[in-house]
Structures are given as structure tokens and as C-alpha cells.
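Participant: Task: produce atomic coordinates for the following.
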Amino acid sequence: MRRKLRVYLDDADYARLARWARVRGWTKTQTIRAAVRALICADDGVDPLLAASGMIDGLPPDASMRLDGYLAATFVAERPPASRGGRT
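Facilitator: Numbering: from 1, shown residues only. Model prediction:
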């Protein structure tokens with residue numbers, strides 16, 4: 001069940017929130033929910049990254065030391081659609 005919460009921010013904090021969300025393609029509401037969850041987890045002493053440790057079976061034994069190399073070897077960037085040149 002979700003409950004409504006009203007939050008007032010000063011202009012500077014609101015602008016930073018809006019900019020942060022826009023850059024990531026999130027809504028301000030999504031951003032605030034994520035921030036609240038992060039603060040609560042941090043306060044509980046739960047580290048989400050450490051909690052994820054061991055969740056994936058079959059990784060190479062040196063995965064933690066060579067993660068960047070493995071990611072670079074498997075990453076495939078998709079090309080954006082070609083521009084049609086004109087405004088829509």
C-alpha cells in the first residue's frame with residue numbers, strides 16, 4: 001500500500017533534484033523513492049552491493065579482480081537510430 005507524502009524543497013534543492021532525475025530519465029518521484037530506500041538501507045547497516053554477493057553462479061574465479069576486462073569483452077553497444085534530419 002502506498003501512502004501520500006508531501007515534501008517541500010527550497011528552490012536550489014528542487015532544481016538539483018529535477019536535473020539529477022532528468023539526466024537519468026527518472027521522474028522526481030522515482031528519484032525520491034530511491035533516495036529514501038538508500039538512506040533506510042544505510043541506516044539498517046545493509047549494503048545492497050554486499051547483499052548481492054554470491055547471487056550469480058558460474059562466474060570465473062577471478063571475476064572480482066578482472067571485472068572491467070570481462071565487461072569490456074562482452075559489452076555490445078547498440079547504435080542509435082539514424083537521424084532523419086528534421087524536427088518532428
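
Participant: Next SSE downstream of the lowest-mean-pLDDT helix or strand in the chain?
Facilitator: In the chain, no helix or strand scores lower on mean pLDDT, DSSP states H and E than helix 48-51, which sits at a mean of 70. If you walk from helix 48-51 toward the C-terminus, the next helix or strand you reach (DSSP states H and E) is helix 67-74.

Participant: Just the buried positions in that next one, please.
Facilitator: By neighbour count on 16 or more other CB atoms under 10 Å, the buried set for helix 67-74 is empty. (C-beta placed from N, C-alpha, C; glycine too.)

Participant: repeat for stretch 10-28
Facilitator: Buried, per 16+ other CB under 10 Å, within stretch 10-28: 17, 21.

Participant: Alpha carbons of it, as CSV, please.
Facilitator: C-alpha atoms of stretch 10-28 as CSV (Å, rounded to 0.1, in the frame of the first residue of the first chain):
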residue,chain,number,x,y,z
ASP,A,10,13.9,25.1,-1.4
ASP,A,11,14.5,26.2,-5.0
ALA,A,12,18.1,25.1,-5.1
ASP,A,13,17.3,21.5,-3.9
TYR,A,14,14.4,21.3,-6.2
ALA,A,15,16.5,22.3,-9.2
ARG,A,16,19.2,19.8,-8.3
LEU,A,17,16.6,17.0,-7.9
ALA,A,18,15.0,17.8,-11.2
ARG,A,19,18.3,18.0,-13.0
TRP,A,20,19.5,14.7,-11.4
ALA,A,21,16.3,12.9,-12.4
ARG,A,22,16.2,14.4,-15.9
VAL,A,23,19.8,13.3,-16.7
ARG,A,24,18.9,9.7,-15.7
GLY,A,25,15.5,9.6,-17.3
TRP,A,26,13.7,9.2,-14.0
THR,A,27,10.8,11.1,-12.5
LYS,A,28,11.3,13.2,-9.4
